[in-house]
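Colleague: Attaching a predicted model along with its sequence, questions to come.
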Amino acid sequence: MTDFDEIYNRYAPQIYRVCMGYTNDADQAKDLVQETFISVWKNLSTFRNQSHISTWIFRIATNNCLRAIEVAKRMPAGELPINLAEVKEESPEEKLGFLYRCIAELEETDRIIISLVLEDLPQAEIAAIVGLSNVNVRVKVHRIKEKLAQKFKAYGQFE
């Protein structure tokens, strides 16, 4: 697969969701997707097929997100909703937003991993992207899911 339009159409929605997991900000996520695909466009001719193209693209996106996180660290993180009645009445879009807010509160590596899990990437590919062993990724995924479940329970998302 070397046609840029085909690559963009296939991976842009996934990259957007991963970036949303990092930033919890639609505009910033769109900017990060744009930055990612500008890098892909500029460097596509140098891609050596030593990994899946998706691994390469996700790695570019996660590097862009990590740079954005460094900038965002200077600003306070958004707070989770406190009114449980409001949380229970949320639409699916609002619940998805709540999930992104919870993910945004995780440590950087955990954000990367869970965002890639949500995109159904194979564990081996996630390990390659984040530079960890398969076993370490499996353990981290389990712990991340526990952390997110605790956040959801604390805010009345699970009955």
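Modeller: Cool, got the structure.

Colleague: Find the nearest non-adjacent residue to Thr62, please.
Modeller: Sequence neighbours aside, Ile112 is the residue nearest to Thr62 in space, at 5.0 Å (criterion: C-beta to C-beta, 6 or more residues apart in numbering). Any C-beta I mention is one placed from the backbone N, CA and C, and that applies to glycine too.

Colleague: now what about the helix or strand where that neighbour lies, what contacts it?
Modeller: Taking DSSP states H and E as the definition, Ile112 sits inside helix 108-118. Around helix 108-118, the neighbours that count as contacts under C-beta atoms under 8 Å, 6 or more residues apart in numbering are 17-18, 21-22, 58, 62, 65-66, 69, 103-104, 106, 125-126, 129-130, 137, 140-141, 143-145, 147-148.

Colleague: which among those residues end up buried?
Modeller: When the contacts of helix 108-118 are checked for burial by 16 or more other C-beta atoms under 10 Å, the buried set is 17-18, 21-22, 58, 62, 65, 103-104, 106, 125-126, 129-130, 137, 140-141, 144, 147-148.

Colleague: Mind checking which of the residues you listed are in helices?
Modeller: With helices defined by DSSP state H, the entries of the buried ones among the contacts of helix 108-118 inside them are 17-18, 21-22, 58, 62, 65, 103-104, 125-126, 129-130, 137, 140-141, 144, 147-148.

Colleague: Tally up the residues packed near Leu118, please.
Modeller: Here the number of neighbours of Leu118 (other C-beta atoms under 10 Å) works out to 15.

Colleague: brain fart, Cys19
Modeller: By the measure other C-beta under 10 Å, the count of residues near Cys19 is 27.

Colleague: hang on, it packs against Asn63?
Modeller: No - in terms of C-beta atoms under 8 Å, Cys19 does not count as a neighbour of Asn63; the distance is 11.7 Å.

Colleague: any low-confidence regions in this structure?
Modeller: Regions of the chain meeting the criterion pLDDT under 70 cover residues 1-2, 72, 74-90, 156-159.
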